[in-house]
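**Student:** this one's structure only:
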């Protein structure tokens, strides 16, 4: 149980285009989802926390207009990287938690974004 | 400031030997502590957690961790390492930073040599 999927697992896009990454909780309802960014050989950096039906809370230094997060349902959150640049290339990981157990996070397999 | 430290970038151990991956933390209040493992190009897999109760926590794949409040440590251990244990390990703590969030350590790469 508690499986989280991400799609796509790997995406290459050109500079200036936008790309959407989906995060789904497959067998539970995720009231809260988290989006992380991981640079090579580095730790996870929390980008934003999203609660179903409300606006995401972004961490300091994360551009909310560039990284659009939507948590429209209890099983789906999306991260859209708008007007992508090569420096946005990274590994993006989502996680989800269940209502009342926010300390337990279930992680997706990650999405490798390469912007050319 | 609330933080997690993994003092070793890399740990090398021979297969069959015991392994320890170190983690220390600094948080206010009672900590919720976690260990995760990450394989190349994959997300994080949960290994174990400490919230309350026994200081020795047993988790997945034969791993265990000991919570030491006086030393503010939560070291990950395994009695006998396997080559397949080679991966990147993250220690994490749930902290209240004006809202609860999980803070991850920098990660420790474990190499188990056959």
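**Tutor:** Nice, I can see it. The structure displayed is predicted, hence computed values, not measured ones.

**Student:** where do the strands sit along chain A?
**Tutor:** Along chain A, counting by DSSP state E, strands occupy A:4-7, A:10-13, A:19-25, A:30-38, A:44-51, A:57-58, A:67-73, A:76-81, A:90-98, A:101-107, A:111-115.

**Student:** contacts for the last one?
**Tutor:** Residues lying outside strand A:111-115 but in contact with it, judged by C-beta atoms under 8 Å, 6 or more residues apart in numbering or on different chains, are A:6-15, A:19, A:21, A:81, A:84-93, B:41. In this view, the C-beta of every residue, glycine as well, is placed from N, C-alpha and C.

**Student:** mind putting the strands of chain A in JSON lines, mean neighbour count and mean pLDDT included?
**Tutor:** Shown next, in JSON lines, are the strands of chain A (neighbours: other C-beta atoms under 10 Å in any protein chain shown; pLDDT from 0 to 100):
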{"stretch": "strand A:4-7", "mean neighbour count": "18", "mean pLDDT": "95"}
{"stretch": "strand A:10-13", "mean neighbour count": "14", "mean pLDDT": "96"}
{"stretch": "strand A:19-25", "mean neighbour count": "21", "mean pLDDT": "96"}
{"stretch": "strand A:30-38", "mean neighbour count": "24", "mean pLDDT": "92"}
{"stretch": "strand A:44-51", "mean neighbour count": "21", "mean pLDDT": "91"}
{"stretch": "strand A:57-58", "mean neighbour count": "16", "mean pLDDT": "93"}
{"stretch": "strand A:67-73", "mean neighbour count": "18", "mean pLDDT": "91"}
{"stretch": "strand A:76-81", "mean neighbour count": "21", "mean pLDDT": "96"}
{"stretch": "strand A:90-98", "mean neighbour count": "24", "mean pLDDT": "92"}
{"stretch": "strand A:101-107", "mean neighbour count": "18", "mean pLDDT": "82"}
{"stretch": "strand A:111-115", "mean neighbour count": "18", "mean pLDDT": "96"}
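
**Student:** relative to residue B:93, which of those strands is closest?
**Tutor:** strand A:101-107 (10.1 Å; C-beta to C-beta).

**Student:** what residues does chain A put near chain B?
**Tutor:** By C-beta under 8 Å from any C-beta of the partner chain, the part of chain A that sits against chain B consists of A:4, A:6, A:34, A:41-44, A:46, A:49, A:57, A:91, A:93, A:95, A:102-110, A:112.
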